[in-house]
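Q: Sequence and computational prediction follow.
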Amino acid sequence: MISAQLPANENERLEALLRYQIMDTKAEKEFDDLVKLASQICESEISLVSLIDSERQWFKAKVGLDAPETNRDIAFCSHAILQDDIFEVENASEDKRFKENPLVADEDGLKIRFYAGMPLKTPEGLNIGTLCVIDKTPRKLTEAQRFALKTLGSQVVTQLELRLKFRDLQEEMSKVQTAQRQLIETEKMATLGQLAANVAHEINTPLGAIRSSADNSVVTMDELLPNLACFLQGLSQEKSIAFNTLIEYSATIKTNFSSKEKRAAKYDLIEKLEGQGVDDTNLIADFIVELGVEQKPELYQPLLQTKDPIYTFKVAHQLSGIAKNNKTIKLATDKASKIIFALKNFSRQEQTDKKAIININHNIETTLVLYQNHFKNGIELKLNFEEIPQFMGYPDELVQVWTNLIYNAIQVMENKGELIISTKLQSTLENKKVVISIKDTGTGIPENIQNKIFNAFFTTKREGEGSGLGLDITKKIVKKHNGKIWFKTQTNEGTTFFVELPL
């Protein structure tokens, strides 16, 4: 027996697995459905979602096997995670790596002969385990089965990411709530309190998209599961390739037809199909238009020759829908990640004297995530960013500067107006600096209070809306960066705050 070598990125791989907090958790329907589907499509006795830690392979989901785990040294999956594609062993009893493996050779063992495992690759490119199928007779996957195993492996990773994002969102919201209770008297938490409804909206939007897409995929998979394996096995090699090509194309395109345009495309297609002598043209045309391939006859024509074209196009439409749902989930989780990152920066309580590298444009964009709802409902945002060199500073504290200035601008405009944020590089022979300007179209700052606005506890807001510390804190943070802050204002035209920071 030849045990698998450790991956070159083993430490990073184990850290990624640990981050998912999935090991030794209870069974979950989403993963159980995927191994059932893999077992049926690949016609295998055993199918597993196998996760590899430092000493063992543990099964998150399993079909045809009672054991919850095995030693990593004898795991076929330890070899599979060294690959970028499906790792397939047609006959383990004739393979020098495995023929003496107890899972192959022991009389009381599984007597494995066939194995195929698709690595579960995280978005960072780290293989943390496999979706695998196992049999006790030598064999080889068909092209259709290989495609299905790859697709289902991608679904496993999507589910892992979904669990992770939900957990992160819950943790960050819990931290924000804790920070709000502890620091409710400070300007920072007063501002967060004003933002609560906006942040909740921004989080609920991606969560709604994730939940809807995931539910749609589950319903579709429940309908597909009983007959999909038999259907795929009934396709010839040529038809299987055509089927896969159509799904892959459909999953990558966006269809923006109006109802009227969709009907016109359908009737035009029905006329073409009837001219070819195709039966049931109404249903078939429906599916082809929904797939978005009505202008691609080279994609749909081969499938008109299958035994049951209506069912063929129905299954293609369902699988394409699952792939599109996965993309929606990915986009929604990416948006949720940005909100989490912004909340982390905003709600962080500790201040430090340790400097970090700052990308000023990214630093401002991180803050703007918290205000997206305002920019959809009354505030027009314009960004004029120059390319600014990175510099050392205190990024979390600068987020508070932009939060205070942007929030004040939105309030003074009463949620209706134009907000222009610019960054400009200024260079001399002696030094370089960046000037950030935040301009609103509000009513301006009255002349009689212009010399007071940076004073601690001075505020023009109603009771409960602010402590009067916002601009005082802002000025101190800018000074900590050896910078300057000032403003220009004009009655009924607006105010521009300028922050100058040395690079």
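A: Okay, I see it.
Q: and the longest strand seen in the chain, average pLDDT?
A: Identified as the longest strand of the chain according to DSSP state E is strand 417-427. Rounded to a whole number, the mean pLDDT of strand 417-427 is 92.
Q: And that strand, what's buried?
A: The neighbour-count check on strand 417-427 (16 or more other C-beta atoms under 10 Å) flags 417, 419-423 as buried. To be clear about C-beta, it is placed using only N, CA and C from the backbone, and glycine gets the same treatment.
Q: does residue 141 sit in a helix, a strand or a coil?
A: Taken by DSSP: H, G, I helix; E, B strand; the rest coil, the conformation at residue 141 corresponds to coil.
Q: same deal with the one 10 residues further on?
A: Judged by three-state DSSP, the three-state class of residue 151 is helix.
Q: how close does it sit to residue 291?
A: 17 Å (C-beta to C-beta, to the nearest Å).
Q: same question, residue 1
A: With distances defined as C-beta to C-beta, the gap from residue 1 to residue 291 amounts to 48 Å.
Q: of these two, who's got more company?
A: residue 291 (23 against 14; other C-beta atoms under 10 Å).
Q: And stretch 313-329, what's buried?
A: Buried residues in stretch 313-329 (16+ other C-beta under 10 Å): 313-326, 328-329.
Q: wait, I meant stretch 23-37
A: Residues of stretch 23-37 classed as buried under the neighbour-count rule (16+ other C-beta under 10 Å) are 30-31, 33-37.
Q: Over to stretch 214-231?
A: Quick answer for stretch 214-231 (16+ other C-beta under 10 Å): 214, 217, 220-221, 224, 228-229, 231.
Q: same question, stretch 168-175
A: Quick answer for stretch 168-175 (16+ other C-beta under 10 Å): 168-169, 172-173.
Q: which of these lies closest to residue 391?
A: In terms of C-beta to C-beta, no member of those lies closer to residue 391 than residue 172, at 27.7 Å.
Q: what helix or strand is the closest one on?
A: Using DSSP states H and E, the secondary-structure element containing residue 172 is helix 143-182.
Q: Could you give the average pLDDT over that helix?
A: 82.
Q: And that helix, what does it pack against?
A: Under the contact definition 3 or more C-beta pairs under 8 Å, 6 or more residues apart in numbering; DSSP states H and E, helix 143-182 sits against helix 10-20, helix 29-41, strand 114-121, strand 127-135, helix 187-233, helix 237-252, helix 309-347.
Q: residues in contact with the residue nearest to residue 137 when sequence neighbours are not counted?
A: Leaving aside its chain neighbours, residue 137 sits nearest to residue 113 (5.5 Å; criterion: C-beta to C-beta, 6 or more residues apart in numbering). Shown in contact with residue 113 (C-beta atoms under 8 Å, 6 or more residues apart in numbering): 91-93, 104, 135-139.
Q: Kindly reformat the residues you listed as TSV containing pLDDT and distance to residue 439.
A: Supplementary listing: the contacts of residue 113 in TSV, determined by pLDDT from 0 to 100; distance: C-beta to C-beta, whole Å:
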residue	pLDDT	distance to residue 439
91	95	72
92	93	69
93	92	75
104	90	72
135	95	68
136	94	72
137	94	73
138	95	72
139	94	69
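Q: Among those, which pair sits farthest apart?
A: Taking C-beta to C-beta as the measure, the contacts of residue 113 reach their widest spread between 104 and 139, a distance of 14.9 Å.
Q: Looking at those two, which is more packed in?
A: More neighbours surround residue 104 than the other of residue 104 and residue 139, with 23 against 16 (other C-beta under 10 Å).
Q: Quick check, that one in contact with residue 93.
A: Yes - the pair residue 104 and residue 93 qualifies as a contact (C-beta atoms under 8 Å) at a distance of 6.0 Å.
Q: Quick one: mean pLDDT over the helix or strand hosting residue 272.
A: With elements taken from DSSP H and E, the one containing residue 272 is helix 259-275. Model confidence over helix 259-275 averages 84 on the pLDDT scale.
Q: cool, stretch 107-120 as well?
A: 91.
Q: Compute the first-to-last residue distance for it.
A: Using C-alpha to C-alpha, to the nearest Å, the span of stretch 107-120 from its first residue to its last is 31 Å.
Q: With stretch 99-110 instead?
A: Stretch 99-110 stretches 13 Å from its first residue to its last (C-alpha to C-alpha).
Q: Run through who's touching that stretch.
A: Residues outside stretch 99-110 that contact it (C-beta under 8 Å, 6+ apart): 1, 46, 65, 70, 74, 76, 92-93, 98, 111-113, 134, 136.
Q: which parts of that stretch are buried?
A: For stretch 99-110, the neighbour count (16+ other C-beta under 10 Å) marks 101-104, 110 as buried.
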